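Student: Turn this into a structure:
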Amino acid sequence: MNKRSKKTLKIMSASCVFLSIFSYLPNTVFQDLVSTTSLLLLLFIISIPLSVLGFCFAMAIKSRVLVVANIIMFFSIPLVMYSMYIWEWMESV
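Tutor: Prediction:
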């Protein structure tokens, strides 16, 4: 693999991480404006495939930092959902 294709894969993997992070914005900023169910579905549709693609790109260039970042983004969805359910439960008590 030449240097140019490695750089391209690194940029693509990093952009997958950033796009996964930015997919959280509608859930946090526009929570009161639209239904939460549609935004959670949007989070799953956008974040999971992007983190898997970013993981594959990072494995191709053997970048440990990008591999870890994409794995964190993949597993952050259940953790964030669980913490939001706990937050809503605490507010209702």
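Student: Any idea how many residues pack against residue 67?
Tutor: A total of 18 residues lie near residue 67 under the criterion other C-beta atoms under 10 Å. Any C-beta I mention is one placed from the backbone N, CA and C, and that applies to glycine too.
Student: Pull the number of nearby residues for the residue nearest to residue 67 when sequence neighbours are not counted.
Tutor: Once flanking residues are discounted, residue 67 sits nearest to residue 58: 4.4 Å by C-beta to C-beta, 6 or more residues apart in numbering. Neighbours of residue 58 under the rule other C-beta under 10 Å: 25.
Student: what's the spacing between residue 58 and residue 42?
Tutor: 24 Å (C-beta to C-beta, to the nearest Å).
Student: With residue 74 instead?
Tutor: According to C-beta to C-beta, residue 74 and residue 42 sit 16 Å apart.
Student: Between these two, point out the one with more neighbours.
Tutor: Set residue 74 next to residue 42 and count neighbours by other C-beta under 10 Å: residue 74 wins out with 18 against 14.
Student: Could you report the neighbour count for the nearest residue to the more buried one once chain neighbours are set aside?
Tutor: In this structure, residue 74 finds its nearest non-sequential neighbour in residue 51, 4.1 Å apart by C-beta to C-beta, 6+ apart. By other C-beta under 10 Å, the residues close to residue 51 number 25.
Student: Can you tell me how far residue 51 is from residue 21?
Tutor: 10 Å.
Student: And residue 42, by the same measure?
Tutor: Going from residue 42 to residue 21 by C-beta to C-beta gives 14 Å.
Student: can you give me the helices for this structure?
Tutor: Under the criterion DSSP state H, the chain contains helices at 3-22, 25-29, 36-61, 64-92.
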